[in-house]
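Chemist: only the shape, not the letters, is given here:
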Ligand SMILES: Cc1cc2nc3c(=O)[nH]c(=O)nc-3n(C[C@H](O)[C@H](O)[C@H](O)COP(=O)(O)OP(=O)(O)OC[C@H]3O[C@@H](n4cnc5c(N)ncnc54)[C@H](O)[C@@H]3O)c2cc1C
């Protein structure tokens, strides 16, 4: 990157010599190449005709009798959402919590995603919940999948969540029984039991998808989705044992998003030939993973440490985005790619004289910070990848938060191996699959195995992804209630759906950079509300109409939608489709996640549960 002096800066140029206008043009061209009319409909589910490939490859299903009892709390989903809520309920003295999951164990994302090289992208110290409570010290700055999965099991054990859990069980119906003030839960295992309260934590990224390209069902070789990794075929295991089954195989990876960035380096080490099919390159920054030192950890792990880290992460990540006047640098305990991004923004804003901190200048400062970062990320590709043509094709041409930012120290390097071939499709994607291989840019690549690193549904309807459609008071379906857009109070409660908690990101903190932070806070609210109902012998609660309406009005008036239509298409921006009227509701608290958490802390502490109506007792 060449540096220009202040005198040399032209209007369209930043003072680091980056041509702002040229970049804008290039970004728009690259986005336009990738826009397509079918949006989310371009994908097909790993289900129905692909049901066999969706089966759990990790644990066999045990036979059991259908369950027909009553529990205090049922939670649908055994990932971090279910585990944190289960833990806080156990602490609050609610012992009969039943977690139900399609998976064979706890873990959610980390149960299913056991592909080689899987690890978290936000720092373990904030990503792994309940570290302080369990006394676990993450072994690495970014823990690998097996450690995160083991931690999920540790939480399940410590809080006694295994005894009541139902695994390999899919919830297929959920209906409110007004007379008994109970939820009636039906499953694909013939269960029909009741619960006073239900939590839904079915996950933001749990429905695996495949590219809906012609011929996808015709391939006669072996194939699987990365969330159903077939170690019986590839050899090896999730802890890094060599994938020796691939030594003489030709393998295609379709997709170059966050999953591919993690598994391609492992595949490259072991495959005979590896073909990586790319539609849009990921931005891949330095990861700098390292072991966490036990002595250092002992020093910082004083009482309350994880909450301090979570608060510090939130403050660093969003402070400057919400209040550009706050240019002072807070300490950055976490120091990952996300806080680095915020730090750079702050530095740029701090350099602006206060009288120049107008809306337009601030937006330009954001753009300049982004341009500098993405220029450095592209320069890193040139520095790492030896073949200039491959390097050129691996460069991302969009702003850093247009797609999930990736961090890795072996992905780009993998393309220097003679067995690893990038098949760039210039934004078009794979054309079709044949019986024997993959066709891209008019050429067929014969392969023995296809690994679909094609990700998960995100922009589809919540109830479609959950796999059941809750029926609340008077049989009102959640899908019908939300037909014109999501409606909740605090993202957690919905009018007409008594004793139901929606443990997810939207209409609350909406903190996408570190998902578990949202759950750490929601779990406290769930436990406090349940305790209130039980302690007073009440039957049910739900949000007041007026409180919910006021919340929605606030969000719609001032909330900022996530993802920009100016970005290259992806799951962050609804595949580039213009936001429809329903998207207006997909926002978080306008004053930010930190302010939302403080507000909810006060709400819990007040003990009056303003905005909720309680009945019975
Ligand atoms: C590979 C990968 C890496 C990630 N890394 C990060 C990261 O570094 N930082 C970050 O913030 N986020 C990351 N994420 C996002 C991740 O999904 C969240 O961090 C978090 O794990 C979500 O927890 P959850 O409990 O909401 O959902 P999940 O972990 O997805 O759990 C939901 C569970 O619900 C079950 N379920 C769904 N429907 C039903 C039903 N009808 N009946 C029964 N069970 C059902 C599913 O089987 C699943 O096990 C990553 C995601 C992936 C896929």
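Modeler: Happy to help now that I have it. Bear in mind that the values here come from a model prediction, so they are computed numbers and not experimental data. Numbering: from 1, shown residues only.
Chemist: which residues touch residue 522?
Modeler: 81, 84-85, 491-492, 501, 503, 508 (CB atoms under 8 Å, 6 or more residues apart in numbering). For glycine as for every other residue, the C-beta is placed from the backbone atoms N, C-alpha and C.
Chemist: let's see 7 Å
Modeler: When contacts are counted by CB atoms under 7 Å, 6 or more residues apart in numbering, residue 522 touches 492, 503.
Chemist: helix/strand/coil for it?
Modeler: Three-state assignment for residue 522 (DSSP: H, G, I helix; E, B strand; the rest coil): helix.
Chemist: distance check, it against residue 487.
Modeler: 17 Å (CB to CB, to the nearest Å).
Chemist: count of residues packed around residue 270?
Modeler: Other residues lying near residue 270 total 20 when counted by other CB atoms under 10 Å.
Chemist: can you check what pLDDT the model gives the closest residue to it other than its chain neighbours?
Modeler: Spatial nearest neighbour of residue 270, chain neighbours left out: residue 243 (3.9 Å); criterion: CB to CB, 6 or more residues apart in numbering. For residue 243, the pLDDT comes out at 98.
Chemist: distance of residue 243 relative to the ligand?
Modeler: Going from residue 243 to the ligand by CB to the nearest ligand atom, to the nearest Å gives 18 Å.
Chemist: ditto for residue 510
Modeler: Residue 510 sits 12 Å away from the ligand, going by CB to the nearest ligand atom.
Chemist: now swap in residue 279 and tell me
Modeler: From residue 279 to the ligand the distance is 19 Å (CB to the nearest ligand atom).
Chemist: could you do residue 343 as well?
Modeler: From residue 343 to the ligand the distance is 19 Å (CB to the nearest ligand atom).
Chemist: residues in contact with stretch 399-412?
Modeler: The contact list for stretch 399-412 (CB under 7 Å, 6+ apart) reads 27, 121, 257-258, 261-262, 264-265, 282-287, 337, 341, 370, 373-374, 381, 384-385, 394, 567-568, 570, 572-573.
Chemist: now list the buried members of those residues.
Modeler: Taking 16 or more other CB atoms under 10 Å as the criterion, what is buried in the contacts of stretch 399-412 is 27, 121, 257-258, 261-262, 264-265, 282-285, 287, 337, 341, 370, 373-374, 381, 384-385, 394, 567-568, 570, 572-573.
Chemist: restrict those to contacts with the ligand.
Modeler: residue 121 (CB under 6 Å from any ligand atom).
Chemist: hang on, residue 395 in a strand?
Modeler: No. Under three-state DSSP, residue 395 sits outside any strand and is assigned coil.
Chemist: any idea how far residue 148 is from the residue nearest to residue 270?
Modeler: Taking CB to CB, one finds residue 243 at 21 Å from residue 148.
Chemist: what does residue 307 give?
Modeler: Separation of residue 307 from residue 148 (CB to CB): 20 Å.
Chemist: who's more crowded, the two?
Modeler: Counted by other CB under 10 Å, residue 307 and residue 148 do not tie: residue 148 has more neighbours, with 23 against 11.
Chemist: packing partners of the helix or strand of the chain at the bottom of the mean pLDDT ranking?
Modeler: In the chain, no helix or strand scores lower on mean pLDDT, DSSP states H and E than helix 337-351, which sits at a mean of 80. In this structure, helix 337-351 packs against helix 305-322, helix 359-384, with contacts taken as 3 or more CB pairs under 7 Å, 6 or more residues apart in numbering; DSSP states H and E.
Chemist: looking at those, which is closest to residue 331?
Modeler: helix 305-322 (6.8 Å; CB to CB).
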